[in-house]
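[1] Any chance you could fold what I've pasted below:
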Amino acid sequence: MRCNKIVSALLLTSSFLSSTLFAHGTGISTHPIEEKVGLLTTEFSNFVSDGKGTGIQARYTYKASPMLTLDGGIGFSNGPRKNRIFAGADLELFPDYGKQPRISLKGGIENAEEFNTRRNIFSVTPLMAKGFIVAGNPIFPYFGVPLGLSLDSGRQTYAVRSAAVFGFTTKLPIENVEKLLINVEGSVKIQNSYSGLFIGLSLPMM
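    Below you'll find the model as predicted:
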């Protein structure tokens with residue numbers, strides 16, 4: 001009951017913060033899934049800074065090996081950030097074991113139409129995640145620092161991007177839909193990026 005109230009509050013909060021959602025989920029790849037299992041995710045997004053807009057994107061995450069998780073997807077938004085296609089690979093360096101958190105490096109590539117120009121964005125993100133039991137339900141908070149290089153081929157310019165991301169993943173504690181995962185992620189702008197919050201729902205696929 002307590003978990004239901006927490007999730008309901010988060011979803012309600014997201015509706016009030018619809019102008020502050022973050023569009024790109026970074027930490028979903030830290031969620032522990034079995035090898036050769038995938039997650040089909042729908043992500044609802046808006047932007048809080050440097051051009052507002054709402055949107056939606058779809059992502060597929062696949063556990064290729066015990067240490068490697070792959071993901072990719074496509075997204076569309078109104079406002080100045082119109083569309084994007086992206087792919088990433090999360091390499092586990094240390095597992096979540098005992099008091100030790102999971103530590104990984106996630107590399108990514110993205111092609112996006114932003115502010116009337118198309119950009120190629122290359123990124124690497126150190127990630128740290130740790131599982132806990134809260135009210136009988138496993139929850140997996142994480143923290144990361146995405147670092148990226150954005151290349152604008154039309155204007156022949158580049159920019160360094162950085163942000164701090166934090167969030168969690170957990171099973172949706174609602175009867176008959178326990179297989180669904182919810183991921184909530186916030187971002188704090190550091191340089192040439194944007195701040196906000198985003199929420200996604202994932203369905204495991206064998």
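
[2] Where does the prediction get shaky in the chain?
    Residue ranges of the chain with pLDDT under 70: 1-24, 47, 49-51.

[3] Could you pull out the strands in it for me?
    Assigned by DSSP state E, the strands in the chain fall at 38-47, 53-63, 68-77, 81-94, 102-114, 117-129, 132-134, 137-144, 147-152, 157-171, 181-191, 196-205.

[4] Parallel or antiparallel, list what pairs with the longest one.
    Paired neighbours of strand 157-171 in the sheet (DSSP bridges): strand 137-144 (antiparallel), strand 147-152 (antiparallel), strand 181-191 (antiparallel).

[5] now do the fourth one
    When pairing is defined by DSSP bridges, strand 81-94 lines up against strand 68-77 (antiparallel), strand 102-114 (antiparallel).

[6] for the residue most central in space within the chain, what are its contacts?
    When Cα atoms, centre = their mean is applied to the chain, the residue found nearest the centroid is residue 25 (1.5 Å). Contact analysis of residue 25 by Cβ atoms under 8 Å, 6 or more residues apart in numbering lists 41, 43, 59, 167, 183, 185, 198, 200. For every residue, glycine as well, the C-beta is placed using N, CA and C.

[7] of all those, which two lie farthest apart?
    Farthest-apart pair in those is 59 and 167; separation 14.2 Å (Cβ to Cβ).

[8] Cool, thanks, talk later.
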